[in-house]
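Trainee: Quick check, what structure comes out for this input:
(2 chains)
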Amino acid sequence: MNTIEAKVVVLGTQAVGKTSVVIRYVGGMFSKAVSPTIGASFFTYKLTVNNYRVKLQVWDTAGQERFRSMAPMYYRKANAAMLIYDMTSADTFYDIKEWVSELKRNVDNPIVMCLIGNKCDLSDNREVSVKEAQEYAESIGALFHETSALKNIGIEEAFLEVAQQLIKLYETSPNSGLHTIDMGENRSGAKEGNSSIKLPEEESSKPATQQDTKCAC
Amino acid sequence: MADSKEAEQVSTSESEQSDLIEPETCIHRENSMLLPAENFISIDYESFENYDCQPSGVIHEIVRSNSQDKSEETPDVVLSSSNDEFSAGEDKEERKQISAKELASALTEEDIEEDETRKPEWRAQKKHIFILSEAGKPIYSRHGSEDKLVTIMGVLQALVSFVHDSNKDNIRCIIAGDHKFVFYVRDPLILVCVSQGADSTQQLLLQLTYVYNQVLSVLTHKTLVSIFKQRRNYDLRRLLSGSEKFLDSLLSLIETDYSFLLGAVRCLPLDLQVRDMISQSIIQHARVKDLVFALILANNQLVTLVRMKKYYLHPVDLHLIINLVHASESFKAAESWTPICLPKFDSSGYLQAHISYLDESCQTCLLLLTVDRESFFTLSDCKNKIKERLLKYNGLNAIGDSLTKTSYSINQCGITDLRHFLYKSRSTAQYTSPEVEAPYLGTEEQERLFGLYQYLHHRIHTSARPLKILYHVGPHETLLGWITQGFELYAVFGPLVTKPSAIHSINKLLKWIKREEDRLFILNSVTF
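Mentor: Numbers count the residues shown, from 1 in each chain, chains lettered A, B, ... in the order given. Alright, predicted model coming up:
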């Protein structure tokens, strides 16, 4: 049985329920008091689909404006993106369009996108119609699901379909960036091109003392 | 019985100190892991003016280049303000007109009913903290919604710019009856504290600098400056949204936690061998390139800190880290990866923090701070190995045990009539204090105790007349403060204690602390 490892990034405006969806899927629970994510949280989830073991590495990003500039760190080299909006807020849906164009601009490798309208338990206050969302999803080639983290509706299905798409991607496109665990040693190879930051070598002990005096002044 | 009159005796001369045996300082400066912050308390306003004008050093370069490449990736950090309702480039004169108008409207009677500042509960608050932009735009208010306080923000801005424009001077403080207004103007922000509490002006100023540093910790100094350079009218709340809780939490910590007053950190009491084992676990498993600091916190106390040889962690930065962990529930859900700016370390860029809890009950928090933004998975491996080793050698249990024992009782020191004390080791910037016990169990009494320490600290550190020793007989207790090269000691006795017996007790206490110091303090700093 093949095992593939895929990086999934969860994007969307703040308070649409990104963390709730992820915790519902990974941890199987719902908490009313989920506090805003700081930076990004990392989850892993393993599932078996169509004779593949799929290991999902999920980056649950923070929706707050101030973390916006961090996003590239997470979606770069992502194999799938969960684009979550709150169906009771049209604004959060329009924000998705910004995310999509940003992904299109910055991500080279093929990426599975899944549009998710969360909070469908509140569909009485719906501001985004199924039709509108569906059409948009088709126009960008994304999957589409409506979910509720509270009532546990649609989340399992959404991730499952993403996993199936990932397998398809792995089978059809060798350049997908997806790697199997057996080839794990090559993982570092996938990291080339990083603008890695280097700390100063030996000769730079001066700044430390400078700083020392600055703080102790 | 305790006389309700207050008697006070100040002694600064060397001869009168002879009763007190000054113990040799056992801790050497170069061994310290934290920068001592004694100087931090005596605030020199001028020194703030040029504190971070030129962050230098290679690591700053690195972090800076790091944040530059970030802004290339998403130029919208700064530019996304395009839907800001105000047009950019408003000049200073226009600003002044607006604020003058606001000032005028503040004085008219009509809008008083709408005004939050007229509400009794708002007015009854002991301490208000306001942050506004130089243009007078509200950014944060401790109490009430800053939106409804536009008028008062305008008044504050007018006061600052009036003094600045007419005398080329900076307004620092206004005393009006019971209220102190303290201003801290750090381009491009204006921070104001209005207090009717016991805090001294210097202490309020210190609190404002903490608030300012907390803002920097979220945004970096560089971003803050560049945003307002582009548009003086920017509504900073957009970028700060979600981080108000850090300001709230910081300000409540400042009011209850002695660390901030003392500029020191409290260590979780642990046996020397146990702490060594914990530090060794980090050294063994987190020897990773570019990892600058690795630390473990438990219940706002420091368990261990391992640092890169040439970099120190300033207590102010550590306090911001403690506040970050204290105020965020989200780290409990999963491993997190978040940028944090440590203003004393480098105010121009972010460090990347890997934050995770090591135990099920989420009490022991490991933080790995690096300059490499791509090292999450490496650090995640480190974390697993550290956790394994700590489980194997019962390190986590030891931390848990120490946490349940809640520090120590004053009785353990075996000194009668000593009710409570704070002892700060100056060279390590760490402090210890026993549990608060009777008669200080009620909230009100605890606040009063805090006020006593604030008073003692203020009297000793007042820049006009710094003291070495202060013996203060109050109506309900006797206070003794003593500063030497190596330590600061603040002790609270019952009201009936005599001076010789207080001094005797203090010497006994110092011996006790010396005996326990391996457990109470981190004496040798650990480096990678």
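
Trainee: Number of residues surrounding the closest residue to residue B:187 other than its chain neighbours?
Mentor: Once flanking residues are discounted, residue B:187 sits nearest to residue B:134: 6.7 Å by CB to CB, 6 or more residues apart in numbering or on different chains. No exception for glycine: its C-beta is placed from N, CA and C like everyone else's. Using other CB atoms under 10 Å in any protein chain shown, residue B:134 is surrounded by 20 other residues.

Trainee: in chain A, which segments are predicted with low confidence?
Mentor: Counting by pLDDT under 70, chain A contains low-confidence ranges at A:175, A:179-217.

Trainee: go again using 50 as the cut-off
Mentor: Applying pLDDT under 50 to chain A flags the ranges A:183-217.

Trainee: Show me the strands in it, by range?
Mentor: Counting by DSSP state E, chain A has these strands, from start to end: A:2-11, A:40-49, A:52-61, A:80-86, A:112-118, A:143-146, A:179-180.

Trainee: Residue B:155: which of these is closest?
Mentor: Closest of the strands of chain A to residue B:155 is strand A:80-86, at 38.7 Å (criterion: CB to CB).

Trainee: circling back: turn the strands of chain A into a markdown table, columns for mean neighbour count.
Mentor: Compiled in a markdown table, the strands of chain A are given as follows (neighbours: other CB atoms under 10 Å in any protein chain shown):
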| stretch | mean neighbour count |
| --- | --- |
| strand A:2-11 | 23 |
| strand A:40-49 | 17 |
| strand A:52-61 | 21 |
| strand A:80-86 | 27 |
| strand A:112-118 | 26 |
| strand A:143-146 | 21 |
| strand A:179-180 | 16 |
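
Trainee: Near chain A, which residues of the stretch 201-350 of chain B are found?
Mentor: B:218-219, B:238-243, B:289-290, B:292, B:308, B:310-312, B:314, B:324, B:328-331, B:333-339, B:344-345 (CB under 8 Å from any CB of the partner chain).

Trainee: which of those count as buried?
Mentor: Among these, those buried by neighbour count (16 or more other CB atoms under 10 Å in any protein chain shown) are B:218-219, B:239-240, B:242-243, B:290, B:292, B:308, B:310-312, B:314, B:324, B:328, B:330-331, B:333-339, B:344-345.

Trainee: So which of those sit within helices?
Mentor: B:218-219, B:239-240, B:324, B:344-345 (DSSP state H).

Trainee: want to throw the residues you listed into CSV with pLDDT?
Mentor: As requested, these are exported to CSV (pLDDT from 0 to 100):
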residue, pLDDT
B:218, 93
B:219, 92
B:239, 89
B:240, 90
B:324, 95
B:344, 95
B:345, 95
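
Trainee: Just give me the closest of the residues you listed to residue B:514.
Mentor: Of these, the one sitting nearest to residue B:514 (CB to CB) turns out to be residue B:344, at 30.1 Å.

Trainee: Which residue is the nearest non-sequential neighbour of that closest one?
Mentor: residue B:314 (3.6 Å).

Trainee: Per-residue confidence, residue B:98, what does it come out as?
Mentor: With respect to pLDDT, residue B:98 scores 47.

Trainee: Tell me which helix or strand in chain B has the weakest average pLDDT.
Mentor: Every helix and strand in chain B was compared by mean pLDDT, DSSP states H and E; the lowest is helix B:76-79, with a mean of 32.

Trainee: how about low-confidence regions in the stretch 151-300 of chain B?
Mentor: In the stretch 151-300 of chain B, no residues with pLDDT under 50.

Trainee: Residue of it nearest chain A, please.
Mentor: Going by CB to the nearest CB, chain A is nearest to residue B:242 of the stretch 151-300 of chain B, at 3.9 Å.

Trainee: So that residue sits against residue A:14, correct?
Mentor: Yes: if you go by CB atoms under 8 Å, residue B:242 and residue A:14 touch, sitting 6.9 Å apart.

Trainee: where do the contact lists of those two overlap?
Mentor: A:36, A:62, A:64-65 (CB atoms under 8 Å, 6 or more residues apart in numbering or on different chains).

Trainee: ok, so of the residues you listed, who is nearest chain B?
Mentor: residue A:64 (3.9 Å).

Trainee: residue contacts, residue B:358?
Mentor: Counted by CB under 8 Å, 6+ apart, residue B:358 has contacts B:296, B:364-366, B:383, B:386-387, B:390, B:396.

Trainee: whoops, I mixed them up, residue B:142
Mentor: Residues in contact with residue B:142 (CB under 8 Å, 6+ apart) are B:125, B:127-130, B:247-248, B:251.

Trainee: switch the cut-off to 10 Å
Mentor: With contacts defined as CB atoms under 10 Å, 6 or more residues apart in numbering or on different chains, residue B:142 is in contact with B:125, B:127-131, B:193-194, B:211, B:244, B:247-248, B:251-252.

Trainee: Pipe these into TSV and attach neighbour count and secondary structure per row.
Mentor: Formatted as TSV, the contacts of residue B:142 follow (neighbours: other CB atoms under 10 Å in any protein chain shown; DSSP: H, G, I helix; E, B strand; the rest coil):
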residue	neighbour count	secondary structure
B:125	14	coil
B:127	18	strand
B:128	21	strand
B:129	24	strand
B:130	24	strand
B:131	26	strand
B:193	25	strand
B:194	20	strand
B:211	23	helix
B:244	15	helix
B:247	23	helix
B:248	15	helix
B:251	19	helix
B:252	14	helix
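
Trainee: biggest separation within the residues you listed, which pair?
Mentor: B:194 and B:244 (18.5 Å).

Trainee: Confirm for me that residue A:106 is in contact with residue A:74.
Mentor: No: between residue A:106 and residue A:74 there is no contact under CB atoms under 10 Å: 11.3 Å.
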